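Novice: Let me see the structure of the following:
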Amino acid sequence: MNDDMTTDERNPMRLPFRTTEIAALLLVAVVLAGTFMLGGTIARRPLLADLASANATAAEAQDMAAEAVTAAQKAQDEVTGLSVRIEDAEAQAALSDDTLGNIIEKLDALGFKTTVSDEGTVTITAPKVTPQKAPAKKSGGVKATSYNTGGVEQWRSLTQKYFGANVNAALSVMRQESGGDPRASGPAITYNGRTVHCLGLFQIHPCHAAKFLEVTKQPYSTGVFNPEANIRFAAYMSAKGTNWSAWSVKPN
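Specialist: Numbering: from 1, shown residues only. Model prediction:
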């Protein structure tokens, strides 16, 4: 190659810009691009902040709306409960009025005077009662029945134990039957084909032997002479001195 040739002659296709110039242009382009991108980011930041604030405000408004619905429901429930209480109070008032009316009617029927004031006070006035004189007592009166108990008073306490208030009537029968002798034996009588006697203070017949054992827990053959067993069985037979139909004699 000829060293005398110029640079332009050596590179006939040379670009119109030098390398340093191209580098400078690229640097400017990069700076401009970065500036554009940074500007876009900065511009988007206020918009995102506004959106987040709007979302928070919407959520807060939704919560407030839910609280308002709850408060309204609670108020409605309270109104419903108040209505029920008012209805109950009205029913009780009506019942009270009806009950009071029934009481006043009954009092009026009995002669009482009842008045009700405007304030609801009830005044009850009892009817006048004219005292009546007690009937005059008749002279003489009714005398208590007296019985002849002579000769048997020694058996009073034991007889009263089983006959109670009818002790005098029982002693009267005892006096007539045995004269107070616990081993007394009555006239001979025929019973089941054999001769027997009524025995003891109340002259108990042998036909009662089985019942005598059941009531007194003593056999008739010996127990009939026991004063207490004889008196006890006589009380059983006479229903404690109220029925002497089993004896031929009566209290006198």
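Novice: Residue 175: neighbouring residues, count only.
Specialist: Burial of residue 175 is recorded as 22 neighbouring residues (other CB atoms under 10 Å). All C-beta atoms are positioned from the backbone trio N, CA, C, and that covers glycine.
Novice: Likewise for the one 10 residues further on?
Specialist: Neighbours of residue 185 under the rule other CB under 10 Å: 15.
Novice: residues contacting the nearest residue to it once chain neighbours are set aside?
Specialist: Among residues not flanking residue 185 along the chain, residue 197 sits closest, at 4.6 Å (CB to CB, 6 or more residues apart in numbering). Taking CB atoms under 8 Å, 6 or more residues apart in numbering, we find residue 197 in contact with 185, 186, 187, 188, 189, 206.
Novice: again, but for residue 114
Specialist: Taking CB under 8 Å, 6+ apart, one finds 104, 107, 108, 122, 123, 124, 125 in contact with residue 114.
Novice: SS state for it?
Specialist: strand (DSSP: H, G, I helix; E, B strand; the rest coil).
Novice: Please apply the same query to residue 124.
Specialist: Going by three-state DSSP: residue 124 is strand.
Novice: That one and residue 102: what is the separation?
Specialist: Separation of residue 124 from residue 102 (CB to CB, to the nearest Å) stands at 14 Å.
Novice: now swap in residue 156 and tell me
Specialist: Counting by CB to CB, the gap from residue 156 to residue 102 is 61 Å.
Novice: Over to residue 178?
Specialist: 69 Å.
Novice: out of these two, which sits in the busier spot?
Specialist: Between residue 178 and residue 102, counting by other CB under 10 Å, residue 178 is the more crowded of the two (23 against 10).
Novice: Can you report how many residues lie near the nearest residue to the more buried one once chain neighbours are set aside?
Specialist: Leaving aside its sequence neighbours, residue 178 sits nearest to residue 184 (CB to CB, 6+ apart; 3.7 Å). By other CB under 10 Å, the residues close to residue 184 number 19.
Novice: Look up the pLDDT of residue 184 for me, please.
Specialist: Per-residue pLDDT puts residue 184 at 97.
Novice: Now do the contacts for it.
Specialist: With contacts defined as CB under 8 Å, 6+ apart, residue 184 is in contact with 177, 178, 199, 200, 201, 203.
Novice: surely the fourth one meets residue 180?
Specialist: No. The pair residue 200 / residue 180 is not scored as a contact, 11.1 Å apart, by CB atoms under 8 Å.
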